[in-house]
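Engineer: need the 3D shape of this:
(chains A, B, C and D, ligands or ions: 4)
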Amino acid sequence: APAVAQNAAKPAIVYSTGGKFDKSFNEGVSQGAQRFNKETGIAIAEFEPNNETQFEQAHRRFAQRGQDPIVAVGFSQAVALEKVAKEFPNVHFTIIDMVVPLPNVQSVTFKEHEGSFLVGVLAALASKSGKVGFVGGMDIPLIRRFQCGFEQGIKYANPKAELIANMTGTTPAAWNDPGRGAELAKGQFDRGVDVVYAAAGSTGIGVLQAAKDRGKLAIGVDSNQNHLHPGTMLTSMIKRVDLAAYNSFKAANDKSWKGGIAALGLKEGGVDWALDKDNEKLVTPEMKAKVDAAKADIISGKITVHDYMSNNACK
Amino acid sequence: MDDLVSLVFLTLAATLRVATPLVLCAMGGLFSEKSGIIDVGLEGKMLMAAFFAAATSAVTGSAWAGVAAAIVAAEVMALLHGFACITHRGNQVVSGVAINIIAAGLTVVWGTAWFNRGGQTPPLVEDQRLLPLLLPNAGDNILVYAALLSVPLTWWIIERTRFGLRLRAVGEMPLAVDTAGISVPWLRYRAVLLCGLFAGLAGAYLSIAQNAGFSRDMTAGQGFIALAAIIFGKWRPFPAFGACLIFGLLDAIAIRLQGVRVPGVGEVPVQLIQALPYLLTVFLLAGFIGRAVAPRAAGVPYQKEH
Amino acid sequence: MNGRRPLPAWAEIAVLPLVNIALAFITVGIIVRIIGVDPLHALQFLVVGAIGSSESIGYTLYYTTNFIFTGLAVAVAFHAGLFNIGGEGQAYIGGLGCGLAILAFDRYLPAPLMIPLAILAAALFGAAWAAVPAWLQAWRGSHIVITTIMFNFLAAALMVYLMVNVLIAPGSMTPQSRNFAASGKLPSMHDTLAAIGIQVAPSALNLSIVLAVLCCIGVWVFLWHTPWGYALRTMGHNPEAAVYGGTNLRHMTMLAMCISGGLAGFVGVNELMGVHQRIVLDFPAGYGFAGIAVALMGRSHPVGIVLAALLFGALQQGGAELAFEIPTITREMVVVIQGLIILFSGALVNMPRPWLQRLFTLRGS
Amino acid sequence: MMAVPAIELSGIQKSFGSVHAVRGVSLAIAKGAITGIVGENGAGKSTLMSILYGLYRADAGEVRIDGQPMRMDNPHDAIAHGIGMVHQHFMLVDTFTVLENLVLGAEGGPLLAGGLAAARAELERLAREYGLSVNPDAKIADLSVGEQQRVEILKVLFRGAKILILDEPSAVLTPQETDQLFRILATLKERGVTIVLITHKLREIMAATDHVYVMRQGQIVADRRTAETNPEELAELMVGRKVRLQLDKAAPKSGEVLLSAEKLSLVDHRGVRLLDNIDLELRAGEIVGIAGVSGNGQTELLQVLSGIRRPTGGKLTVRGRVIDAHHPSDPAEMRTLGLAHVPEDRLRQGMVAAFHAWETSILGYQAQPPFCRNYLLDGPAVGRHCATLMDRFDVRPRAPALRSSNFSGGNQQKLVLAREMAQEPKVLLVGQPTRGVDIGAIEFIHRELVKSRDQGCAVLVVSVELDEILSLADRIVVMFAGRITGEVPAGRADERTLGLMMAGAHA
Ligand SMILES: Nc1ncnc2c1ncn2[C@@H]1O[C@H](COP(=O)(O)OP(=O)(O)OP(=O)(O)O)[C@@H](O)[C@H]1O
Ligand SMILES: Nc1ncnc2c1ncn2[C@@H]1O[C@H](COP(=O)(O)OP(=O)(O)OP(=O)(O)O)[C@@H](O)[C@H]1O
Ligand SMILES: [Mg+2]
Ligand SMILES: [Mg+2]
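Structural biologist: Numbers count the residues shown, from 1 in each chain, chains lettered A, B, ... in the order given. Ligands and ions are numbered 1, 2, ... in the order given. Down below sits the predicted model:
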C-alpha cells in the first residue's frame, strides 16, 4: 500500500443495523471503503450498531477521536447524526439514503425508481410469458419505490405485461430469509413468471438461486450480482453507494469535501443497470438499444419516473 | 384445465417443500417431548445444523459431509440440552431459549470469522447441494423423502417397540420406569439424541437442499412452528404430520394470495397472511379442536431424592 | 445431594449466581480465544466501555432500565407459576399504546398530563397483549409458553402492518410515525440533572429509570406485603393450596399476566418516549427474552433483578464498545454472551451447587 | 434363626440433605417367612426398603442376599436378584393398560408384539393360580385402588420374584380386600417366597407375620418373634412411651343443624358420578365420622362441602346460606360462614411447602384483619399469631420463620389443625386427621377434636382408618362409590358390618 500522508483523512463508517454484509447498501459502502483503502492505504474505522440508540454514541465517539469524514449509512441515522453534526461543526459527515440539511453534512440519496425502471424495461422485453415477478424484502416504502419504478418500466416496454409482486415479510428477518425468497420466486414461476427482480437483501440470494434452479431469469439489486449465476442473471440494478462513500473519502482526503444534498439518479450515475460478460448473452442488441433509449429519455427528462415515496403511492 | 392440474400439483409440491423441515423437526421434537423433555430449542438446533451443513459442504465440497456435520452439530446442542435438563435437572424451557439465543449468535460469529461474509456461507454449487431426484420443478430431494418416511417410522418406534413403550412410560411416570429397573436418564438421553438427529436433517435441508448456503437466522421461527405442530397433533406422529402439512399449505397459499384482491375484503394485508400460521396455532391450542394433553411428566425434571 | 448438607441461604443467593456468571464468562473467553482475540484484553474493553465514562454509564443504565422492566415482568409471572415468554410482544404492543396515546394527544396536552397518560397506555396495552394468552390458559387450558411465543410473532406482524399502512409519517423513508411533540418527550437524565446543576455527558438515559425503580418497589410490596401477592405466590407454589385458600386461579392467572405484561410494556416508554420520540419498528430488540435470564439470575426478587439488569445493561453497552474497539468481535458476540448467561444461570444453575456444597461441608467439618 | 437369611442388612445409613432418615440399621430377613416392620411415620421404613430395592443409594452399610454381599445401585440389580416391591405409592402408568404396565421393563425383546402375547398368557396363569383376576386391557386410570394394587402384585410375580416387599399394602383396602391380600401372601409363603411386610396396623402384624422389627427415628429399636409379643408392647416400642390406644369421651350433646346436604350430587366433565344424592346432616356438638375406602367420594364430598367444587345437583345449606349448582360458593365465603376445613392432604392442599410457618399459619385468612390492615399484610401481627398457635398445639420446633416443609409430618398436621381451630369455627371439616402422624400426636389431635365438639362445634371427620372413626365419631356414615351406603350410631358399629358397607353391601 502507498505511504499515508500525515494530514490524510481519518475516515469512519457507521453502518445501519442491517449490518456490513447485508448484500445491499451497507455492503456497497464497505466496498467503496475497501477501494479507497487499496488506493490510499488509509485504514477506515467501522462500526456495526446492533440497535438504533447506538448511532448517536458511534457518531459522537468517532467525532471525538478526530475521525473525519464520518459516513452514516441509512435513513435511520438521520436524527442522531443531525444532533452530533451540530455538536461538531468542523467534522464532516456523509449520510446515505437520507437528507440532513447542515453545512457540514453531505446528504446522498438515490433514485432507485429510475434504475428499477430500466431493469423493468429489460425484464418486460426478456419475458416470453409476459408475466414478470418482483420479490421485495421487508414491506417498507423504500422497497415499494423499487417495485413502483420496476412496474412503470415494464408497462413502458409492454403495456400488456403483468407484474406479480411479493413482499417477503414483516420483520427485519425478511432481509435474511433466502428460503422464503426462493419459495416466493418458485410460487411466481409456478404462475408463469419467467423473469424475477429481487430487491430483498440476502433474501434475494434465494430468489436468484431459485431462478437458477428453475432455469428462469433473475435481476439482482444494489451491487452487481450478475456473477452469482452467469446464464440466468438477466442483469442487476446497481446503486452506487460504493461511489458515494468513495467520493466522500476521496474528497476529504484531497481537501475538496463539500456539504450539501445530492440525489443520485441515472444522470449522476448513481443508479444504473449492469451489462457485463456474465449476462451479455442474455441481452440482445434490440433489448440493449431499447433500454439505452429509455435511459437517455429519463436523463433528458422526456420520461419522468414516478417516485413512490413522493406520495406513498404508485401513481 | 390442464394448467389447473399443474397448478394444484405445483402447490402441493410447494407445500411439501415448505413442510419438510417442519416435519423432520416435529418428529424429532416428538421423541423428546414423549420422553418428558420439552424442547423449545428445536429452532436453535436446526440453525446450528444448517450452518454447519453449509459450511462443511462449502469447504469439503461434499453435500453428504454437510449432512453429517449438520447431524453432529445438532447432536451437540441436543446433548447440551440433555446435560442441562436430564443430568442437572435444569429448567427445560430456559435451556431451550438459551440454546436458541446461543445458536443465533454463534452461527454468525463463526460465520463471520471463517468466511467473513457477515455470517453467510459461500453460495453452494450443484454438487455441494442435495438436488431434486425425479421432479426438478417439485424440488423432491432425498430429505423430502426422508421426512415422508420419518412419520411412519416415528409412529412405529413409539407404538410398536420396547423403546417406544418405555419412552411413553418415562414421559408419563418416570418413577414407574425407574422402579421397573430401567435407567430414566439413559432413556431420555436417547430420546434427546433422536431429536437431535431429526433436527440436524431439518437444518441440512434448509441450507444445502432448499437453499444454496446459510444465512443468519435462516430458520425464521420454523422450529417454533414445528413445536406448535406437535402440540397441535396432540403428541401423535400422524396428526403432527398433518399439522405440518397444513402450515406448509398455508404458506404455499399465502405466497399465491399475496396482492390478490379478495372480493368484498379487498387486498388481504401481507402481514395477516404471514401471521396466519401463528393465529391458527393459537386458535387450535385454545382447545377448539379438543384439548391436547401433554405427557404428564413433560417439563418436570426427574429426581429420586428431592 | 445425599450426605452433603444444603447450602446456607446467603450462599444460594450470593455465591451461586456469581459462580454461574463466572462459568459463562470463562466459556465466552474460550470462544473469544478461538476467533483469535486475547480474552483479558477484550474484558478490559468491555468493562471500560460499560463504566469508563459518565456517558457510557448513562447508556449502561439506560439499557438496565429495559432489563429491569422485562426482568420484573418475567418474575411476577414466575411467582404465579406462569412462564411468560411473551415479554417481547408485550413490550412491542406496550410501546404501541404509549405511542398512540402521544400521537393522539401530544398536540393538546401539556407534558405533566401527557406523560402519565402515555405511561398508563403502555401498561394497559402491554397488559392487554398478555391478557389474551392468560385467558386462553385460564379458560381454555392452552399452553401459555406456546401461546406467548406465538403472540410475539403476532405482535411483530401487527406492528409492521400498522407502521407500514397506518402510522407511517408521510414521505418517511422508513415505517416510523411522525415525531412526538415536545409534551410527549420523557426528559432525559442529563437535561434533568443539568436543571439541578449537575453536569453529565448526554446519553439515552432518561427518567424511565425512575419508573423502573418505582416498579421494583411496587412489585416487592405487592408480592410480599399484600394479600393478593400472597395469594399469587401461593398459586405459584401450590395451586391446590391456593384454591383451598379461597383463591380463584383463573382470576389470579389474569391478574399475574396483566401485571407482567404491563411491566413489559414499559420498555416502550423507555424506548419511544425516552429515546426515539416516535414509534419505530423492532425497538424491543430481544429485551423480552433477556428478561427471562434477568429474572432467573435475580432469583425473581426485585433486588436481584436490579443487579442482574445492571450486569446485562453493562454487557449491552460494554459489548457495543468492545465491538467498536475490536473489529473481529462482532455484535453477535454479545448475543452469545447473553445466551451463555441464560444457560449457566438458568438451565445449568444446579451444576455448581454440589461443588459448593462439598466446599462448605469441608469447611464446616 | 434359620441357616442363611434371605436378606441381611448391616449398618445402613441414609440422609436426605439435613434429614438423617436411616441411622445404622442392621437386620436379617428369614427365608420363606413373613417378616413385619413397624414404626411411626417417618421412622425410615420406606427409605430402608427403597435402599434394599436399589431405588435410593445408602450412604453407608452393606446388603447381603442369600449371604452374598450385593451392590444395589438401581432397581435393576434388585430385580435381577429376585427382589420385588409393592410400593406405598403405586408405580403404575395411568395411561397404560394393565398388560403394558406388566411388561414394562420385562418386554422380552426389542419388539412389543411377542412380549405382550406371552405376558397375556402368563397373566392368565397367575390369575388362576392366585385368584388375582384383572382385565389385561383395562386402563390403569379406570381401575379401583384395590385392583391397582393387584396389578402391582402381579407385576412382581410376573418377574418371578423370590423376595416380596410390601409397603403398607392394606392402607387402601377394605377389610375384605385385606383378608384376600393376606390369603395371597399365605399362598406365596407356601411357595417359598420370602415376604417383608410394612404396616402401621398392629393387628395385621399379629395375624400374618412370623417375626417383627420395630423402627423409630431411623433405627431398629426392637426385634421380636410375633408369637412372643402383643400390640400394646409394640405400640410402646414404636413411640417410646406408654400410649393409650383408646380415647375416652363424654356422650355428645348435639344441638341445631349447622350443615345439611340434600340430594347433593357431583358429576365431573367426563360424566362420571363422583357424588350421588348425598343426604347428610351435621349438628352442633357432635362428631360425624365418614368411613370408607379411599377413592369412594370422600375427597369430593369434602371439596363440595368446603366450597372448593360446586355441586352439580342437590342443595347444601351451611348456617342458613343455601348453595347449589346455580348459587355456588367458594372457600373464602365458607370461611366467613364460620366453616373451617382441615384438608386430607396437608402438603398438597393445606400448606405451601416453601412458605415460612407464619405464612402457612394464615393460608385462607390472609385478607382478614388482623392479618391484613388497609390492603397490606401486617407481618408482626401474623408472626405473633403463628407463635401463639405453636404454643397452643405444641408444634415443634417452635419457629415461625422455619420453612413449612422442614416440619415433620405430624407437626405440619398440628400447624394446619391449629390454624383452622384458632378461628373457633362453627363447622369443622377434617380429612384424615392423623394421616402421617405418629401415635403420640394422634392422642393429642383426637383430644383437641373432642374438645371443640364439646364447645358446640359441628365436626365432620373423614378417615380411612376404621379404628380412628370408631374411637372418634358419635355417628358413623359409610360411603361407597359416591353414595352413602349406611349410617350407624357409634355404639352399635363393629368392624365387620362397617367393612361390608364399605364394600358396597347395604346394611
Ligand atoms: N421431603 C422432605 N424434605 C426435607 N426434609 C424432610 C422432608 N420430609 C421430612 N423432612 C424432615 O424429616 C424430619 C422427619 O419428618 P417426618 O414427617 O418423617 O417425621 P415424623 O417422624 O413423621 O414426625 P411426626 O411423628 O411428627 O410425623 C422432619 O423434621 C422434617 O424436617
Ligand atoms: N425423598 C426424600 N427427601 C427428603 N426426606 C425424605 C425423603 N423421603 C423420606 N424422607 C424423610 O426420611 C424419613 C423417613 O421417611 P420414610 O418414608 O422412610 O418414613 P416411613 O417410615 O416410610 O413413614 P411412613 O410410615 O409415613 O411411610 C422421614 O423423615 C421423611 O420425611
Ligand atoms: Mg413409608
Ligand atoms: Mg410423619
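Engineer: leaving out chain neighbours, which residue sits closest to C:G89?
Structural biologist: Once flanking residues are discounted, C:G89 sits nearest to C:A155: 3.4 Å by C-beta to C-beta, 6 or more residues apart in numbering or on different chains. All C-beta atoms are positioned from the backbone trio N, CA, C, and that covers glycine.
Engineer: shouldn't the one you found be in contact with C:E88?
Structural biologist: Yes. Checked against C-beta atoms under 8 Å, the pair C:A155 and C:E88 is within contact range at 7.3 Å.
Engineer: quick revisit: how close does the residue nearest to C:G89 sit to B:V94?
Structural biologist: Using C-beta to C-beta, to the nearest Å, C:A155 is found at 22 Å from B:V94.
Engineer: is ligand 3 contacted by stretch D:435-454?
Structural biologist: No. Interface with ligand 3: stretch D:435-454 contributes nothing (C-beta under 5 Å from the ion), its closest point being 9.1 Å away.
Engineer: now do that stretch: distance to the chain's middle.
Structural biologist: Relative to its chain's centre, stretch D:435-454 lies at 16 Å (C-alpha atoms, centre = their mean, to the nearest Å).
Engineer: list the buried ones in that stretch?
Structural biologist: D:435-439, D:441-446, D:448-450, D:452-453 (16 or more other C-beta atoms under 10 Å in any protein chain shown).
Engineer: where does whichever residue of chain A sits closest to chain B land in three-state SS?
Structural biologist: Going by C-beta to the nearest C-beta, chain B is nearest to A:F21 of chain A, at 2.2 Å. Under DSSP: H, G, I helix; E, B strand; the rest coil, A:F21 falls in the coil class.
Engineer: that one contacts B:G119, correct?
Structural biologist: Yes. Using C-beta under 8 Å, A:F21 is in contact with B:G119, at 7.1 Å.
Engineer: list residues touching both of those two?
Structural biologist: Residues touching both A:F21 and B:G119 (C-beta atoms under 8 Å, 6 or more residues apart in numbering or on different chains) are B:T112.
Engineer: okay, C:P116 and D:F480: tell me how far apart.
Structural biologist: To D:F480, C:P116 is 63 Å away according to C-beta to C-beta.
Engineer: just want to know which of the two has more residues nearby.
Structural biologist: Remark: of C:P116 and D:F480, D:F480 carries more neighbours, 22 against 11, as counted by other C-beta atoms under 10 Å in any protein chain shown.
Engineer: tell me which residues touch that one, please.
Structural biologist: D:F480 neighbours (C-beta under 8 Å, 6+ apart): D:292-293, D:296, D:501-504.
Engineer: weed out the non-buried ones from these.
Structural biologist: Using 16+ other C-beta under 10 Å, the buried members of those are D:292-293, D:296, D:501-503.
Engineer: circling back to that earlier point, so between A:F21 and B:G119, which is more surrounded?
Structural biologist: Higher neighbour count among A:F21 and B:G119: B:G119, with 28 against 25, using other C-beta under 10 Å.
Engineer: just say helix, strand or coil for that one.
Structural biologist: Put simply, B:G119 is coil when judged by three-state DSSP.
Engineer: what sits against it?
Structural biologist: The contact partners of B:G119, by C-beta under 8 Å, 6+ apart, come to A:21, B:107-109, B:111-112, B:214-216, C:332.
Engineer: between the residues you listed, which has the most around it?
Structural biologist: B:S215 (32 neighbours).
Engineer: near chain B, which residues of chain A are found?
Structural biologist: A:19-23, A:27, A:139, A:164-167, A:169-170, A:173, A:176-180, A:182-184, A:186-187, A:190-191, A:202, A:205-206, A:209, A:213-214, A:228 (C-beta under 8 Å from any C-beta of the partner chain).
Engineer: could you rerun that using 6 Å?
Structural biologist: A:19-21, A:139, A:165-167, A:170, A:173, A:176-179, A:184, A:187, A:190, A:202, A:206, A:209 (C-beta under 6 Å from any C-beta of the partner chain).
Engineer: that older thread, please identify which of the buried ones among the contacts of D:F480 is nearest to ligand 3.
Structural biologist: The nearest member of those to ligand 3, counting by C-beta to the ion, is D:V293 at 19.3 Å.
Engineer: A:I13 is in what secondary structure piece?
Structural biologist: strand A:12-14 (DSSP states H and E).
Engineer: what's next to that strand, contact-wise?
Structural biologist: A:33, A:45-47, A:58, A:62, A:67, A:70-72 (C-beta atoms under 6 Å, 6 or more residues apart in numbering or on different chains).
Engineer: give me the mean pLDDT for it.
Structural biologist: On average, the pLDDT along strand A:12-14 is 93.
Engineer: wait, isn't C:A122 in contact with C:G94?
Structural biologist: Yes. C:A122 is within contact range of C:G94, at 4.4 Å (criterion: C-beta atoms under 6 Å).
Engineer: show me the common contact partners of these two, please.
Structural biologist: Common neighbours of C:A122 and C:G94, using C-beta under 6 Å, 6+ apart, are C:265, C:268.
Engineer: ok so, going back, can you pick out the most distant pair from the contacts of strand A:12-14?
Structural biologist: Pairwise distances among the contacts of strand A:12-14 were taken by C-beta to C-beta; the largest, 15.4 Å, belongs to A:A33 and A:A58.
Engineer: hang on, the earlier thing: inside helices: which ones of the buried residues of stretch D:435-454?
Structural biologist: D:439, D:441-446, D:448-450, D:452-453 (DSSP state H).
Engineer: and which of those is nearest to B:L197?
Structural biologist: For those, the nearest to B:L197 is D:A441 (55.2 Å; C-beta to C-beta).
Engineer: mind listing what that closest one touches?
Structural biologist: When contacts are counted by C-beta under 6 Å, 6+ apart, D:A441 touches D:G410.
Engineer: make it 8 Å
Structural biologist: By C-beta under 8 Å, 6+ apart, the residues touching D:A441 are D:410-411, D:413-414, D:434.
Engineer: excluding residues flanking it in the chain, which one is nearest whichever residue of chain C sits closest to chain D?
Structural biologist: Across chain C, the shortest distance to chain D (C-beta to the nearest C-beta) belongs to C:G246, at 3.2 Å. Counting by C-beta to C-beta, 6+ apart, the nearest residue to C:G246 once its immediate chain neighbours are dropped is D:A332, at 3.2 Å.
Engineer: looking at this, B:M48 is in a helix?
Structural biologist: Yes. B:M48 sits within a helix when classified using three-state DSSP.
Engineer: does it touch B:I71 like I think?
Structural biologist: No. In this structure, B:M48 is not within contact of B:I71 by C-beta under 8 Å, at 10.7 Å.
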